[in-house]
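Visitor: sequence and predicted model, in that order:
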Amino acid sequence: MALELRYPSPDGRYGFRISSWEARMSHWIESAELIEVATEEHLFSFSDPNWSVDNAVWESPTVVALTVRKYPGNHLPPDFTVVLDCEAKTVTVDGVPLAKPHLAESYLDELVRKGRQKTKGFLPG
């Protein structure tokens, strides 16, 4: 499991340590940890390695919008948007503000649980 630094902020102050692993044939997971590059201070990550960061777009030098999904993808919606403000240490998930960044994962897990209920009995063609 090689680590690589990706998705640097516009000023290079922040970035993501990415650990890629293959969950199944051609199903790749990119576990990510947001850090302050100079100090390597941890700012955000998921404790469950099944969360994958599919994209990161910096809206400003300190605010990043992530597209994340959880493996396996048997839930609706298939992905979520997480917006992190590195300086203010705030987070929103699909537009819902949460009190602290560490609450994002449990909130997302609840959305996945509800989304799996919606897909029961649905078999893709």
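Guide: Nice, thanks for sending it over.
Visitor: could you list the low-pLDDT ranges of this structure?
Guide: Where the chain drops to pLDDT under 70, the residues are 1-3, 118-125.
Visitor: quick one, strands of this structure?
Guide: Remark: strands assigned in the chain by DSSP state E are 3-6, 14-24, 27-36, 41-45, 51-58, 63-70, 80-85, 90-93, 96-98.
Visitor: list the strands paired with the fourth one, with their directions.
Guide: Sheet neighbours of strand 41-45, with direction, are listed as strand 27-36 (antiparallel) (DSSP bridges).
Visitor: list the buried residues in the partner strand.
Guide: 29-35 (16 or more other CB atoms under 10 Å). In this view, the C-beta of every residue, glycine as well, is placed from N, C-alpha and C.
Visitor: if I look at V93, how far off is D48?
Guide: Remark: distance between V93 and D48 (CB to CB, to the nearest Å) = 15 Å.
Visitor: who has more neighbours, the two?
Guide: Comparing V93 with D48 by other CB atoms under 10 Å, the one with more neighbours is V93, at 20 against 12.
Visitor: for the closest residue to F44 other than its chain neighbours, list each beta-bridge partner.
Guide: Using CB to CB, 6 or more residues apart in numbering and skipping the chain neighbours, the partner closest in space to F44 is L34 (4.2 Å). With DSSP bridges as the criterion, L34 is bridged to F16, F44.
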